[in-house]
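K.L.:
Dropping the sequence and predicted coords here.
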Amino acid sequence: MSQDTKNYYLPGASLWPLIASIALFLMASGFSMYLNKIAPGKYVLIAGFVVLAYLLYSWFGEVIKESVSKFYNKQVDKSFRWGMGWFIFSEVMFFFGFFGALFYTRNVSVPWIADAQLLWPNFVATWPTAGPAATEAFTPMGAWGLPAINTLILLASGATLTWAHWGLMKDKRQQLTIGLILTIALGVTFLFLQAHEYAEAGFTIKTGIYGATFYMLTGFHGLHVTMGAIMLTIILFRVLKGHFDSHNHFGFEAVAWYWHFVDVVWLFLFIFVYWL
Amino acid sequence: MSTTTAAHHDDHHGHPTGIMRWIGSTNHKDIGTMYLWFSFVMFLFAGAMAMGIRAELFQPGLQFVEPEQFNRLTTLHGLIMIFGAIMPAFVGFANWQVPLMIGAPDMAFPRLNNMSFWLLIPAAILLVTSIFVPGGAVAGGWTMYPPLSVHAGMSMDMSILALHILGVSSIVGSINIITTIFNMRAPGMTLMKMPLFVWTWLITAYLLIAAMPVLAGALTMLITDRHFGTSFFNAAGGGDPVLFQHVFWFFGHPEVYIMILPAFGIISTIIPTFARKPLFGYASMVYATAAIAALSFIVWAHHMFTTGMPVAGQLFFMYSTMLISIPTGVKVFNWVATMWKGSMTFETPMLFSVAVVFLFTIGGFSGLVLAILPVDIQLQDTYYVVAHFHYVLFSGAAMAIMGGVYYWLPKWTGHMYDETLGKWHFWLTTIAFNVTFFPMHFTGLAGMPRRIPDYSLQFAEFNMISSLGAFALGLSQLLFLYVVIKCIRGGAKANANPWEGAHGLEWTVPSPAPFHTFETPPAFK
Amino acid sequence: MNKRIILSLGSVLLSLFTASANAEYALNLRAPATEIASQIYDLHMLIVWVCLGIFVVVFSLMFYSIYKHRKSVGHAAAQFHENHILEIIWTIIPVIILVSMAYPATKTIFAMKDTTAADMSVKITGHQWKWEYDYMDSGVRFISTLATTQDQIQNKDDKSEHYLLEVDNPMVVPVGKKVRLVITAKDVIHAWWVPEFGVKQDAIPGFIKEAWIRVEKPGVYRGQCAELCGKDHGFMPIVVEAMEEDKYKAWIASQQEAAKAANAGADKEWTKDDLVAAGKGVYEKNCAVCHQASGAGMPPAFPALTGSPVATGPIEGHLAIIMNGKNMMPAWKALLNDTDIAAVIAYERNALGNSAGDIIQPSAVKAAR
């Protein structure tokens, strides 16, 4: 990428970083208090979320304004690409830890617990399991009902998003808008179906190692789908406001990358949590 | 708040004053300064914890603290030294030096840069206030193994969340460093022409974004086991306490390389300067650093040799751990070869660097001893391990930091530091350090376990020696504080390049470095 | 003259490295009492010599360079910065050295893992903060607790020779027999370690890990817990007495007798005063570590017993909590016999500042199991 003659944009002093720290401080101390049943905890935690929401709105808002005002040259654009790419990599590593936990407990811990006949005389190593101290059976999540449908939904949403992107690149705003709306609708549908599944599930997060790994992995995935859907909605608003042109639309691309990442994580979930 | 007029972009950067300059900074030099001061304060605080530890261990019997309080001291000492002192210090160096070394006007994301710093404050507040909540500060070791950590009190939650915040700070900071290095080098500075310090930070940043999220996973599973009834680490539910160790050390081992690679970068900068000779084997140094980083992901279970893993696992992790000594050895040989046939002078930065090469290698050898699994069975969880990691972390990382501070103080402040006092600090530190930690190899071999507040009588003599050394070591750091403050306030004027043998773009700008540097990229050949 | 100095220094150094060195300034691993510990000892010496050799070579060169290649003696800097042949050599030689170390280490690893063909097994369970030994084939089971007194630890009394390394009931094994160790824990991770045996194995709750020993000569061997397990991690030592096989068999027989006698005591009718007096000993050995000798506890983690609703309220609740435990408090039904439980209940309710007045008999404890 050749560098423009304009200099790399360097922002002036900003209070957003400090406010971000305040938000996270409130969230962390609020959560600590809440977990330990100290009265104001819930409110401090909520206050933290409110400050965080305000912070994200303001800081991203400022970045969007700077972008729309054409402060960012090609080099800055490249920085954003690098940044988003490696951020998504760090998210991949976050899920990697939980997949590692699933792999280890299924293939190592559970068999070794079964081997310890002296301690757990009646336990047989199978999967799914809620462990040797489980008192009652439970119905695990089958892959081929709602989860399979959700897979198709997310795959479709990836396709609609790509279609929207093509619209953007060819200056077909209607295609872009409709594609985005479809993607968001599919994403929200996914979330509703997941919530329905959680409500109907025959086990909870306390159902031994199966429940723990299931809800941790699918739960964090759902959280990421939620964040992705929110980001897509913001992009939609920007599109409606006339932001982005066929050559300059990194904001759209960043969120699209994120959405595809969320989709890929789901595929791994579907295979290793639901199916196998 | 920044003004956002559409017309000109260049003036926004400005030069804020007063408190806004610090809380709202978007300047890599100021942010670097804040990181360095934060780390120094944390270093002294965690050092005070160590003084408490060594006071109790001065003699057999319990004199000053009761056992659980002792466990809190050791836990906090570890957590704060690692996350509050060493890591932020290296980030401070990265902030100050990387843009200067590559001819960039600032980091790629200046506001995120400031956020990475300011996130340290809530984390520190959470850790320090956890001392005062019911149950006291965390006491399960910095490694927080369940089930012990599952049953701990409120301070464990605060510490876990503090670590989450520190993780965000590190990940965002690392993304910033990677982007800066790849995207903002002066034209003509190809990757293989970058100063080695920049390379070591590039690779460290990759380690951080790969490893910190895994720690976040482990901490999250710990919090759900504590409060949400999950069974990740509970055999009754089908989980395994050792799972935590696997996930933790998958982060933990790269973490120790995160703490040493920037030190290698600093040493690789200082030795060529004071030997007046180019770094020997630049390309091998780059490849060796990359090899160390890659290998660091496949050795983690050497921290778990006594957990009872199958023979295949034991062999794999022993062999992979032994392998790491190869690229590390290459680096040591290259430093010696850099010195060889040079024209050396021994100002304080060089004294520290030579000591680092010598003492870190001792730590490396004790690491090799620990890598040999059958020997590790005898030494795991003993003072031999404590000796090993203090040799690599104090006389490796911390002393490299000290050397780097002396080296770059002229650039940061515009003054030369007091060379006589600097040398005093060096000798006091080096001697006191060895008096403290060398005997620990012996107490470990003789069978003294770690993390105990009281010990059987045959360990008394060496423990007393270690404690005396520790008190001297702690006091010597106050001299360091004095030298730094004295230098900031005044001293002989420093030129753009006060070191005869120094090369690099940072030495082409005035001392102290102006608020804005390289606003137009420099020519680099 | 110089030669003599070097020779005598060298021999002092060498002697310091042998196992017979002065215990206070011991520089090396303890004298091995098993074949495995012996292999480990030799492996360690091999590595130390190799590392020392490399260290001396490399740093002689460095210090020589520091001496000779200084600006102050007028040495001008060369400008070479590469030598591919040299770099290849000093990469390959370390690989060869490592392989030579890995080979004997691998053999020892296989030997350490082989727990087959054992002559007997002992189940070892780590508790906070004591060890439980269960000779599963002989029906002998007991708890091994630190015997060093608090007075010694608090510096009110002189410290005994085996300060912090002595227990009330040591583990006993026969000499020359392969003993399979089946290791687990009840609450948190501990680690069973006896340096002279070359065995250290984490004790992980819910899991069984195996190790083995074959002690070569009779003696008393002392180790410690080697994994942080809470406040008294440093106060739960391991003592193993290895004795000739006939003496071992006699010990087993006497242990079985003692167990029978203790169970018999559960059927007799005790007076309140006798129970309270017996309970004091049980309390101080088992409960005081958390609830304090005075009964004041360390709230919130360890509640006070003085004036507590449990110790002054219904006796059934008191019995239930002791038998089944709660949170960090262990289920004492597995660790104490009926008489001890009845005695400690009597003590807690009628001493420590409490005067509930009631007691229960050991037979009632037995019935509640």
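P.N.:
Thanks, I have it.

K.L.:
which phi and psi does the residue of the stretch 101-250 of chain C at minimum distance from chain B have?
P.N.:
Residue of the stretch 101-250 of chain C nearest chain B, by Cβ to the nearest Cβ: residue C:206 (2.2 Å). The C-beta positions use only the backbone N, C-alpha and C, and glycine is treated the same way. The phi and psi values for residue C:206, taken as degrees, to the nearest 10, are phi 90, psi -10.

K.L.:
ok, so what distance separates it from residue B:441?
P.N.:
Here the criterion is Cβ to Cβ, to the nearest Å. By it, residue C:206 lies 35 Å from residue B:441.

K.L.:
same thing with residue B:304?
P.N.:
Distance of residue B:304 to residue B:441, given as Cβ to Cβ: 22 Å.

K.L.:
Same drill for those two, tell me which one is more crowded.
P.N.:
Between residue B:304 and residue B:441, counted using other Cβ atoms under 10 Å in any protein chain shown, the more crowded position is residue B:441 (23 against 19).

K.L.:
Per-residue pLDDT of the more buried one, please?
P.N.:
pLDDT for residue B:441: 98.

K.L.:
Please give the number of neighbouring residues around residue 172.
P.N.:
Unless you meant another one, I'm taking chain A. 15.

K.L.:
Switch to chain C, please.
P.N.:
Around residue C:172 there are 19 other residues, counting by other Cβ under 10 Å.

K.L.:
same question, residue B:77
P.N.:
Residue B:77: 20 neighbours (other Cβ under 10 Å).

K.L.:
Now the closest residue in space to it that isn't next to it in sequence: which helix or strand?
P.N.:
Once flanking residues are discounted, residue B:77 sits nearest to residue B:49: 3.9 Å by Cβ to Cβ, 6 or more residues apart in numbering or on different chains. In the assignment (DSSP states H and E), residue B:49 maps to helix B:28-56.

K.L.:
From residue C:183, how far out is the residue in chain C positioned nearest to chain A?
P.N.:
Nearest residue of chain C to chain A, counting by Cβ to the nearest Cβ: residue C:208, 4.0 Å away. Per Cβ to Cβ, residue C:208 is found 7 Å from residue C:183.

K.L.:
OK, contacts around the residue lying closest to residue B:184 once chain neighbours are set aside?
P.N.:
Once flanking residues are discounted, residue B:184 sits nearest to residue B:104: 3.9 Å by Cβ to Cβ, 6+ apart. Neighbouring residues of residue B:104 by Cβ atoms under 8 Å, 6 or more residues apart in numbering or on different chains: B:98, B:180, B:184-186, B:518, B:521.

K.L.:
Need the buried ones from those selected in ChimeraX.
P.N.:
With 16 or more other Cβ atoms under 10 Å in any protein chain shown as the criterion, this ChimeraX line picks the buried residues out of the contacts of residue B:104:
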select /B:98,180,184,185,186,518,521
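
K.L.:
The contacts of residue B:104 into CSV, with extra columns for pLDDT?
P.N.:
Shown next, in CSV, are the contacts of residue B:104 (pLDDT from 0 to 100):
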residue, pLDDT
B:98, 98
B:180, 98
B:184, 96
B:185, 96
B:186, 96
B:518, 95
B:521, 92
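
K.L.:
Quick check, residue B:308 in contact with residue C:210.
P.N.:
Yes - look at residue B:308 against residue C:210 with Cβ atoms under 8 Å: they come within range, at 7.4 Å.

K.L.:
more crowded one of these two?
P.N.:
A direct count of neighbours by other Cβ under 10 Å for residue B:308 and residue C:210 places residue B:308 higher, at 21 against 16.

K.L.:
Can you tell me the closest non-neighbouring residue to the residue of the stretch 101-250 of chain C closest to chain B?
P.N.:
Counting by Cβ to Cβ, 6+ apart, residue C:206 lies nearest to residue B:235, which is 2.2 Å off, once chain neighbours are set aside.

K.L.:
ok, the one you found - how many residues close by?
P.N.:
The criterion is other Cβ under 10 Å. On that basis, residue B:235 has 28 neighbouring residues.

K.L.:
circling back: what residues are up against the residue of chain C closest to chain A?
P.N.:
Listed by Cβ under 8 Å, 6+ apart, the contact set of residue C:208 reads A:115-116, A:118-119, C:182-184.

K.L.:
quick one: which of the residues you listed sit in helices?
P.N.:
Counting by DSSP state H, the part of the contacts of residue C:208 found in helices is residue A:115.

K.L.:
tell me the SS of the closest residue to residue A:140 other than its chain neighbours?
P.N.:
Once flanking residues are discounted, residue A:140 sits nearest to residue A:128: 4.1 Å by Cβ to Cβ, 6+ apart. Under the three-state scheme (DSSP: H, G, I helix; E, B strand; the rest coil), residue A:128 adopts coil.

K.L.:
so residue A:128 makes contact with residue A:210?
P.N.:
Yes - counting by Cβ under 8 Å, residue A:128 does reach residue A:210; the two are 4.0 Å apart.

K.L.:
and the gap between the residue lying closest to residue C:293 once chain neighbours are set aside and residue C:325?
P.N.:
Of all residues not flanking residue C:293 in the chain, residue C:284 sits nearest, at 6.2 Å (Cβ to Cβ, 6+ apart). Distance of residue C:284 to residue C:325, computed by Cβ to Cβ: 19 Å.

K.L.:
Also residue B:387?
P.N.:
For residue B:387, the distance to residue C:325 - Cβ to Cβ - is 39 Å.

K.L.:
so where's chain A uncertain?
P.N.:
A:1-5 (pLDDT under 70).

K.L.:
Residue of it closest to chain C, please.
P.N.:
In chain A, no residue comes nearer to chain C than residue A:116, which is 4.0 Å away by Cβ to the nearest Cβ.

K.L.:
nearest spatial neighbour of that residue, skipping sequence neighbours?
P.N.:
Nearest residue to residue A:116 in three dimensions, chain neighbours excluded: residue C:208, at 4.0 Å (Cβ to Cβ, 6+ apart).

K.L.:
residue contacts, residue A:163?
P.N.:
For residue A:163, the contacting residues are A:175, A:179, by Cβ under 8 Å, 6+ apart.

K.L.:
circling back to that earlier point, of residue B:387 and residue C:325, give the one with the bigger neighbour count.
P.N.:
For residue B:387 and residue C:325, the more surrounded residue by other Cβ under 10 Å is residue B:387, and the numbers stand at 25 against 17.

K.L.:
What score does the more buried one have for pLDDT?
P.N.:
98.

K.L.:
any idea how far residue C:223 is from it?
P.N.:
Distance, residue B:387 to residue C:223, using Cβ to Cβ: 20 Å.

K.L.:
Kindly report the same for residue B:198.
P.N.:
Taking Cβ to Cβ, one finds residue B:198 at 49 Å from residue C:223.

K.L.:
got a list of what the residue nearest to residue B:77 touches?
P.N.:
Counting by Cβ under 8 Å, 6+ apart, residue B:49 touches B:73-74, B:76-77, B:80.

K.L.:
want to throw the residues you listed into TSV with pLDDT?
P.N.:
Output for these, formatted as TSV (pLDDT from 0 to 100):
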residue	pLDDT
B:73	97
B:74	98
B:76	97
B:77	98
B:80	97
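
K.L.:
Please identify the buried residues of the helix or strand harbouring residue C:56?
P.N.:
Per DSSP H and E, residue C:56 falls inside helix C:35-68. Using 16+ other Cβ under 10 Å as the test for burial, helix C:35-68 gives C:36-37, C:39-41, C:43-44, C:46-48, C:50-51, C:54, C:58-59, C:62, C:65-66.

K.L.:
Helix or strand next in line after that helix, which one?
P.N.:
With DSSP H and E, the next secondary element past helix C:35-68 is helix C:84-113.
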